[in-house]
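> pasting the sequence and the predicted model now:
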Amino acid sequence: MYIYLLQRVVTAFLTLFGMSVVIFVLLRLAPGNIVDILFSSAGFVNPAAKEEIARELGLDQPIPVQYGRWLRDIARGELGKSYRYDIPAWQVIKPRIPVTVELALFALLIAVLLGVPIGVLSAARQDTATDYLLRTLSLAGLSMPSFWLGMVIILVLISWLGWIPSMTYISPFEDFKAHFLQFLFPALAVGYRSSALIMRITRSSMLDVLREDYIRTAWAKGQREWIVVFGHALTNAILPVVTVIGIEFAFMIGGLVVTETVFNLPGVARYLVDAILWRDYPVVQNLVMFIAIVVVLANLTVDLLYGWLDPRIRYGVR
Amino acid sequence: MNVETAGPSLDAAASFHRRGPAGNFFLFCREKPLGALAAVLLLVMVLAAAFAETLATHDPIRTDHEHTLARPDRTHRFGTDNLGRDIYSRIMYGARVSLAVGIASTLLGAVFGGLIGVISGYFGGWLDLMTQRIMDILQGLPLLILALVMAAALGPSIENVIVAISVPIIPRAQRVIRASVLAIREFVYIEAARALGVGHLGIAFRHVLPNTVGPFIVLSTAQFGSAILVEAALSFLGLGVPEPYPSWGRMLSISAAEFAQKAPWMVLFPGTAISLVVFASNLLGDAVRDKLDPRLRGV
């Protein structure tokens, strides 16, 4: 078990290292110097001020040194300075983290609560009208852009229910109900799409398991349907589902980028878009690295959960 | 490997050739009616894109300040936007941009990823190990985030958007093709080719590559829908296809959200177009996968 754990942690670190190289190189591809971009809107620029900023950013150093410094800063938790707000980037990011985390967890909860039972039902009723209906609904979820779904939800709320969702952030301590409603609809828009993926994997994994001999034995001895399906089959079919849930949690951040923008929620994902549009590249670099760390941690958690759920993996059996 | 498993697939291949293209098409329609319906829908969209000049009723770029945010009626079938541009005509021309970007980026990513998969799977060893780790890294970043950063780094132009969308497809394509190459590599005819003295590159590209066409088609249909969605999201955020080209995602950009309450048609029609194309390509992808590669079911 410890060897398995160690292997996973080492792989996670190597992946993170690789990601940091990719991110660093990608943002060096950007046309033009970051300093020029920062000053491009200012009109006349004092060359001395330019040099000063370049030195502050360490751009006068060779590329490998710049990379080394960046890694050192990240390890220390220094996320650099936001040139837009002229304050340390961390101060901008920190209050935004709870918003994104809450939205992601809420959406994931919706996705799991919808996806797993629907997938199980669809597999248990394979090739019936119920199955086709549920599969079509989930395919529709995969086909709609989540930001468009968000816009349509807002439209429906406004024109049919006459309820206008707040366009400014409401703290849960101020008004819990309003806060809950503010997060419910974006979480639905993101969660629906993820639930579709979870449903598809649950269904196909359940279909494999339902054909096993021990399931037939359970039927043969007259076991009730819900015990066979949930007790015997789902417990063995859940492994691939857990992987997808883990991957989805990480990938949800992609969906949040647009959803936070549509619903005007001040989260980290939306700040990334703003930073890209303002060409605040030092912040973009750090935020993407931050997202990479979250993704790797989510994958690591899934790997460890796997080892706990499936004893075969612990002993290195493949 | 043995004769029993090779037999049925050879039979299937023989009857596939006997039926000819039209016969195979009708067989597919009968077995997978939904998939065939999806194929027809996609074909209609492609035709709309090809004949946008004939189908469009207005100039998609010309603004008309007298008729801004007009309701759908006879002259403007889907209404007009905040600048008075005809939404129906923009959707026709937008099909051209959105489908072209979707097809080009899917092909670019799938071909490039497929080639890496063939080389990595066929040669194996440390080359394979290194490639796999690099692909893990690329796949580790959320698809949209990677595309977003790529688009920002490369700057706004149609070519750059295509590249930005294709890069996240590479590791996914590579994985699928590599898996099928690992199986093909063990077949007897590969051993026969080797015995005849065919070089490694010859085997990899003349004997292995053509046999990955099935998974390649499955993969491309599945990725096409996701490419359209990524293009829409990038354009929505203002990092996609630049003006003046109308793309479906661009029509839904933040300005559309502002006017959504006054003119819901600005939001409803382009979004429906995107959803329909992606839905059709997902449906077709599922049907093609079931026909060509049942092992991938549910992936």
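Looks like it arrived, so ask away. Remember, predicted model here, so these are calculated numbers, not experimental data.
> right, and the helix or strand after the helix or strand containing B:Cys29?
Element membership for B:Cys29, per DSSP states H and E: helix B:3-31. For helix B:3-31, the succeeding helix or strand toward the C-terminus, using DSSP H and E, is helix B:33-50.
> and the longest helix along chain B, what does it pack onto?
Longest helix in chain B by number of residues, with DSSP state H as the criterion: helix B:87-123. Counting contacts by 3 or more C-beta pairs under 8 Å, 6 or more residues apart in numbering or on different chains; DSSP states H and E, helix B:87-123 is packed against helix B:33-50, helix B:52-55, helix B:125-140, helix B:158-166, helix B:169-184, helix B:213-236, helix B:248-251, helix B:265-292. Quick note: C-beta positions are derived from backbone N, CA and C, even for glycine.
> what helices or strands is the fifth one leaning on?
Counting contacts by 3+ C-beta pairs under 8 Å, 6+ apart, helix B:169-184 is packed against helix B:87-123, helix B:125-140, helix B:213-236.
> now do the last one
Helix B:265-292 makes packing contacts with helix A:129-143, helix A:146-161, helix B:3-31, helix B:33-50, helix B:87-123, helix B:213-236, helix B:248-251, helix B:254-259 when contacts are defined by 3+ C-beta pairs under 8 Å, 6+ apart.
> and the second one with chain B, contact?
This points to helix A:146-161. Yes. Counting by C-beta under 8 Å from any C-beta of the partner chain, chain B is contacted by helix A:146-161 at A:Phe147, A:Trp148, A:Met151, A:Val152, A:Ile154, A:Leu155, A:Ile158, A:Ser159.
> for burial, what's the neighbour tally of the fifth one?
Other residues near A:Ile154 come to 24 when the count uses other C-beta atoms under 10 Å in any protein chain shown.
> quick check: B:Leu219 touching B:Arg172?
Yes. At 7.5 Å, B:Leu219 and B:Arg172 qualify as touching, with contact defined as C-beta atoms under 8 Å.
> quick one, which of those two is more surrounded?
More neighbours surround B:Leu219 than the other of B:Leu219 and B:Arg172, with 30 against 20 (other C-beta under 10 Å).
> not counting its neighbours along the chain, what's nearest the more buried one?
B:Val176 (4.9 Å; C-beta to C-beta, 6 or more residues apart in numbering or on different chains).
> so for the one you found, what's the pLDDT?
With respect to pLDDT, B:Val176 scores 86.
> and it, what does it touch?
When contacts are counted by C-beta atoms under 8 Å, 6 or more residues apart in numbering or on different chains, B:Val176 is found next to B:Gly117, B:Pro215, B:Val218, B:Leu219, B:Leu296.
> which of the helices and strands packed on helix B:169-184 sits closest to A:Val10?
helix B:125-140 (12.2 Å; C-beta to C-beta).
> run through who's touching that closest one.
By C-beta under 8 Å, 6+ apart, helix B:125-140 touches A:14-15, A:18-19, A:22, A:292, A:295-296, A:299, B:116, B:119-121, B:146, B:167-168, B:170-172, B:174-175, B:178.
> try 10 Å this time
Under the criterion C-beta atoms under 10 Å, 6 or more residues apart in numbering or on different chains, residues A:11-12, A:14-23, A:247, A:250, A:291-292, A:295-296, A:299, B:113, B:116-117, B:119-123, B:146, B:167-175, B:178, B:182 lie in contact with helix B:125-140.
> on the C-terminal side of it, identify the next helix or strand.
Counting by DSSP H and E, what follows helix B:125-140 is helix B:143-154.
> and the angle from the helix or strand hosting A:Leu304 to helix B:143-154?
Assigned by DSSP H and E, A:Leu304 belongs to helix A:281-309. Relative orientation of helix A:281-309 and helix B:143-154, computed by axes from the mean of the first three to the mean of the last three C-alpha atoms, to 10 degrees: 160 degrees.
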